[in-house]
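A.B. asks: Structure for the following, please:
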Amino acid sequence: PAGKDRTGVFAALVLELLGVSDEAIAQDYAMTRLGLEPIRELLREQSKALIESYPELALALAACKCFLDLLRTKYGGAKGYFKSKCGFTDEELDLLRTTMLVEEVTNE
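C.D. replies: As a prediction, the model looks like this:
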């Protein structure tokens, strides 16, 4: 579990850097505890009911949100963390964002 938690924290750092909402990051972190990858999107849509059914998910959700608050308080967010602790430049972080983000396509 500790390795999974470290991986989840790193994933949260990257998602925050990319501008993903805290709610989506925390839901993603909480869902990994179930190990239900094939139905992850469905679970996100039904997360409120699921969290009520599995109290341990609420704890994971709260822990992730607390981590994100601390990250912003101490470093100003993931960008500040990656710059101060990992030595990334603004240009490298911009490249990471450009590489990892895709435009959402809607069927309208």
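
A.B. asks: what's next to the helix or strand encompassing Thr73, contact-wise?
C.D. replies: For Thr73, the element it lies in under DSSP states H and E is helix 55-75. Contacting residues not belonging to helix 55-75 are listed as 8-9, 12-13, 16, 22, 25-27, 29-31, 33-34, 50-51, 77-78, 81, 84-85 [Cβ atoms under 8 Å, 6 or more residues apart in numbering]. Using the backbone N, CA and C atoms, a C-beta is placed for each residue, glycine as well.

A.B. asks: ok, then the element right after that helix?
C.D. replies: For helix 55-75, the following helix or strand on the C-terminal side (DSSP H and E) is helix 78-86.

A.B. asks: gap between that next one and the chain center?
C.D. replies: Put simply, helix 78-86 sits 16 Å off its chain's centre (Cα atoms, centre = their mean, to the nearest Å).

A.B. asks: which helices and strands sit right next to that helix?
C.D. replies: For helix 78-86, the elements it packs on are helix 2-17, helix 55-75, helix 90-100, judged by 3 or more Cβ pairs under 8 Å, 6 or more residues apart in numbering; DSSP states H and E.

A.B. asks: ok, back up a step: could you give the angle of the helix holding Thr73 to helix 2-17?
C.D. replies: Calculated by axes from the mean of the first three to the mean of the last three Cα atoms, to 10 degrees, helix 55-75 forms an angle of 60 degrees with helix 2-17.
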